[in-house]
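Chemist: Just a sequence and a predicted model for now, questions to come.
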Amino acid sequence: MALPKYTEMRYRVWHYSYLVICTAVFVFLIAPLFVIIPLSFNAEQYIHFSDGMLALQPEAFSLRWYEDMIYGTKNPWGIAARNSVYYAFFSTIGATILGTVAALGLSSRYMPYKQLIMSVLISPMIIPLIISGSAIFFSLAKLGLAATFPGIVIAHIILGTPFVVITVTATLSGFDDSITRAASSLGSTPTNTFFKITLPLITPGIISGALFAFVTSFDEIVVILFVAGGDRNLTTIPLQMWTGLREQLSPTIMAVATCLIVLSTLILIVTELLRRRSERIRGISAQ
Amino acid sequence: MTAEIRTSDGELLSVKLKKVERRRRTTAFLLAAPLLFFIVFAYVIPIFQMLGRSIDNAEMNSFLTETHEVMQTWDGSEMPGEDVTSTFYYELKTAVENKYHGKIATRLNYEKGGFTSLIKKTSRKLKNFDENANFLDQFIDVHKKWGDIEYWQALKRGTDAYHFRKYLTTFDYEQKFDGSIERIPEKLRINVTLWLRTIFVAVGVTFCCFILAYPISHLLSILPTRYSNLLMICVLLPFWTSLLVRTSSWMVLLQKQGVLNDTLVSLGFVADESRLELMYNMTGTFIAMTQILLPFMVLPLYSVMKTISPSLMRAATSMGATPFHAFRKIYFPLTYAGISAGSILVFVLAIGYYITPALVGGAKGILISNRIAYHMQQSLDWSLATAMATVLLIAVLVVYWLYNKIVGIDNMRLG
């Protein structure tokens, strides 16, 4: 980003102010997340940077809120975490299978009413969650599935499928059909071609779609507010955070939030590795 | 002269081709079918059924069917005759016996305040009625409100099988009993304020996201990959982080005893007693939503800018354009696709936002979604909630349709 020597003064000024603006926006994006982390190690009960913390005194920091999160008797974080993982796991499997199969159909040249069907399949992502939440609740209630484990999984499958459909269709749009034709001409059956050629090539897309579905379910709060119906045994981490935040901002929530930030960092790393792998396989550089 | 080309098994080639094509179409459709049926039956149809609740009054109509029918001949200009009052008496009696008079009371109370106590009191006294005497007088004896013609008019209107009044309420209008449509009293008008605020926040947040996202997307697209990947973390980490984590971090930052105020006080910019009110108002909603939705603007912009060749700008400047002019005439128009994709995405997400306004916005910063949730979960006025939801849905679908026109659903990319 070094400027040539002959750059005029006013462009120099403009260039550096541009860099300052960009830095400010990046700080605006990322700083709020990093504020939470040190506060979760606060030894005090209040959510602010105490003088001791600013002076980096060891006694101002502690792990008490993490202990509270794990062992605290009143805290339902254990059940919440277990439920969140279960819902996310089962709904990811459902959404990934349904979404991938649908995407295979949708990327075929012969698919009838492609635009219309695509719009319908993507709609859960576009329609405001408050509408989705109440509609899904009413329909589950009619089937007697509201506030049940399968009901919540169904709700999360609905919300997760658009992401799988989009990512897998995007992967398939860059797919070179001549590879499968080559396989067929060499005598491979369609099933064999699919499992030996197509599937390995689109796996990165499927995994990244599955990750989206997982995160969608894991972070989902609006629909579960309707569907869980206040049953404490069905609670999830976001639901618990929502309840906590409405009452009082507690340091325990900061500890939970820090754990979630660590989790999202892991997801980020996985997606980055996937992206690189998919680029390497397809032999293209960054798009 | 047309030669008949046949395949090896003796079929006409054109026929065979059509067959193959049909089979491929069927295969493609069958692959998409499971998800399509799942989404249609578990999601699309329930949405329409729910939205139907905004005009549906069938249950109420079934409770008081005969009263409603008899009332059709009553023009509502004077007190109803014995035919109406006696039918109502018998139907209310059935209702009390089958214990659904509470529902009638609640539902009629939406029509006119005071109906809850009126029906409850009348239901209790119903057994004392003399079925041979004048019913209207006995009703009035039980409660003097039965002498007010408006309650009878409300009863007539409240038993219609369909009604569109909740759509009027959605925009702070009401239908008077004489059929005229008027705005509701000023101090009760809340919905129009919320609609305007929602549109203002959605447009404002979209604009702020655009202003903030443009320079950083540009920077990301021109930096060498190893630097841009590093900076991309600043965009992707918030993108993957739970919405509640980001909302709670804004609560930590913005509250009165929060980090931002503490910093400003310790730096001496703000006196301790005049700490800024950054939360529980529009400022909080606005700032938090901008940061939360910013990645949705950066990602489409970045992917478009990445494809713009730097030589275009160099060519423009070499031909004498100033950098500003070259940017305005060459670079900016090339990013329209990214701008429209990002803007529509952010707008659609912002207009239905619920969680962040509820936590950061307080009473002054809530949006229409919060009102829908309130009517869904607390006031239990489902017809009003669904009427509002219908209007919101139509707004979103119009934008979605625009997105489809401009960008195309097929071109939607994530991450």
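Modeler: Arrived safely.

Chemist: Flag the shaky bits of chain B, pLDDT-wise.
Modeler: In the prediction, chain B carries residues with pLDDT under 70 at positions B:1-3, B:408-415.

Chemist: Residue in it with the shortest distance to chain A?
Modeler: Going by CB to the nearest CB, chain A is nearest to residue B:352 of chain B, at 2.5 Å. Every residue, glycine included, has its C-beta placed from N, CA and C.

Chemist: quick one: contacts for the nearest residue in space to that residue that is not next to it in sequence?
Modeler: Nearest residue to residue B:352, sequence neighbours excluded (CB to CB, 6 or more residues apart in numbering or on different chains): residue A:128, at 2.5 Å. When contacts are counted by CB atoms under 8 Å, 6 or more residues apart in numbering or on different chains, residue A:128 touches B:351-352, B:354, B:369, B:392-393, B:396.

Chemist: what's the farthest-apart pair in these?
Modeler: Using CB to CB, the two most remote members of the contacts of residue A:128 are B:354 and B:393, lying 14.2 Å apart.

Chemist: okay, which residue is most central for chain A?
Modeler: residue A:215 (3.1 Å; CA atoms, centre = their mean).

Chemist: where's that residue relative to residue A:271, distance?
Modeler: Going from residue A:215 to residue A:271 by CB to CB, to the nearest Å gives 10 Å.

Chemist: joint contacts of these two?
Modeler: The contact sets of residue A:215 and residue A:271 overlap at residue B:240 (CB under 8 Å, 6+ apart).

Chemist: Could you check the pLDDT of the closest residue to chain B within the stretch 101-250 of chain A?
Modeler: In the stretch 101-250 of chain A, the residue that lies nearest chain B is residue A:128 (2.5 Å; CB to the nearest CB). pLDDT, residue A:128: 92.

Chemist: so where do the helices sit in chain A?
Modeler: With DSSP state H applied, chain A shows helices at A:9-40, A:51-54, A:64-71, A:77-106, A:114-126, A:129-142, A:149-173, A:177-185, A:190-193, A:199-219, A:222-227, A:237-247, A:251-282, listed in chain order.

Chemist: can the second one be found next to chain B?
Modeler: No: looking at helix A:51-54 against chain B by CB under 8 Å from any CB of the partner chain, there are no contacts, and the closest approach is 9.3 Å.

Chemist: list the buried ones in that helix?
Modeler: For helix A:51-54, a neighbour-count test (16 or more other CB atoms under 10 Å in any protein chain shown) marks residue A:53 as buried.

Chemist: What lies in contact with that helix?
Modeler: A:38, A:42-43, A:59-61.

Chemist: so how far is it from its chain's centroid?
Modeler: 34 Å (CA atoms, centre = their mean, to the nearest Å).

Chemist: Kindly report the same for stretch B:258-270.
Modeler: With CA atoms, centre = their mean as the basis, stretch B:258-270 stands 37 Å off its chain's centre.

Chemist: does any part of it sit near chain A?
Modeler: Yes: on the criterion CB under 8 Å from any CB, stretch B:258-270 is in touch with chain A at B:258-259, B:262.

Chemist: From these, which land in helices?
Modeler: B:259, B:262.

Chemist: can you list the residues of stretch B:258-270 next to chain A in TSV and add neighbour count?
Modeler: Formatted as TSV, the residues of stretch B:258-270 next to chain A follow (neighbours: other CB atoms under 10 Å in any protein chain shown):
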residue	neighbour count
B:258	21
B:259	20
B:262	18
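
Chemist: Closest one of the residues of stretch B:258-270 next to chain A to residue B:304?
Modeler: The shortest approach to residue B:304 among those belongs to residue B:259, at 35.4 Å (CB to CB).

Chemist: three-state assignment of the nearest residue to the closest one once chain neighbours are set aside?
Modeler: Leaving aside its sequence neighbours, residue B:259 sits nearest to residue B:253 (CB to CB, 6+ apart; 5.0 Å). Classification of residue B:253 using DSSP: H, G, I helix; E, B strand; the rest coil returns helix.

Chemist: what's the neighbour count on residue B:253?
Modeler: Here the number of neighbours of residue B:253 (other CB atoms under 10 Å in any protein chain shown) works out to 23.

Chemist: And what about residue B:218, helix, strand or coil?
Modeler: Residue B:218 - assigned by three-state DSSP - is helix.

Chemist: hmm, back to that, wait, doesn't the residue nearest to the centre of chain A sit right on residue B:240?
Modeler: Yes: proximity of residue A:215 to residue B:240 meets the contact threshold set by CB atoms under 8 Å, at 6.4 Å.
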